[in-house]
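Student: Show me the folded form of this:
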Amino acid sequence: MPYTVDFVTVSTIGLESSPVADALAGLRANEARYFHNKYDHDFTVGSVDEPGEAADALAWLTRILKEERDITIASRPLEATAFEVDGIRMAYVFYESGLSINVMYTIEEAGKRAVGLKLSDGMEVPAELAEKFKFARQKSKLAGTIRGSFFVIKGEY
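Tutor: Reported below is the predicted structural model:
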């Protein structure tokens, strides 16, 4: 069942199995606030265990990670979303470990295309990412300290 993320009253709905559920919920709310403020878009997530948009978003993101950087995420995916705003195709996946990965894929051919990786406050850097990325820190009122990194997508998806 899709869930519209509330960034005013942060909830762990759908993320309860994560050992850093509160921080991951804050990270998810931080993303919801960004899209609400910048694009007036309601950030709605769904379970990746059900067929539909969330499962399709997971498949697309997983393919990009594998083909671009030969990365397979070990943690169990919990929720995902996919949407289009301002000519940009977006996908987000939230993992049980506290990891959040997004794809920003501008539909125009010469546009920006990248994968963003964010670690929830309190989680360790996953082994599959530790040797490949350095993570910068940023503070968030909703999510505490977020560590993030990214890479540019070179292929067509």
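Student: sec struct for the residue nearest to Q138 when sequence neighbours are not counted, please.
Tutor: The shortest distance from Q138 to any non-neighbouring residue, by CB to CB, 6 or more residues apart in numbering, is to I146 (5.1 Å). For glycine as for every other residue, the C-beta is placed from the backbone atoms N, C-alpha and C. Put simply, I146 is strand when judged by DSSP: H, G, I helix; E, B strand; the rest coil.
Student: buried ones in the top helix by length along the chain?
Tutor: When every helix of the chain is counted residue by residue (DSSP state H), the longest turns out to be helix 21-39. Across helix 21-39, burial judged by 16 or more other CB atoms under 10 Å covers 21-33, 35.
Student: Off-centre distance for the helix or strand following that helix?
Tutor: Next along the chain after helix 21-39, taking DSSP states H and E as the criterion, comes strand 44-47. Distance of strand 44-47 from its chain centroid, counting by CA atoms, centre = their mean, to the nearest Å, is 11 Å.
Student: Just the CA atoms of strand 44-47, as PDB, please.
Tutor: Provided in PDB are the C-alpha atoms of strand 44-47 (Å, rounded to 0.1, in the frame of the first residue of the first chain):
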ATOM      1  CA  THR A  44       5.000   8.500  -2.000                       C
ATOM      2  CA  VAL A  45       6.800   5.200  -1.300                       C
ATOM      3  CA  GLY A  46       5.600   1.600  -1.600                       C
ATOM      4  CA  SER A  47       6.800  -1.800  -0.600                       C
END
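Student: any residues touching that strand, and which ones?
Tutor: Contacts with strand 44-47, where a contact means CB atoms under 8 Å, 6 or more residues apart in numbering, come from 1-5, 14, 28, 52-54, 78-81, 83, 92, 94.
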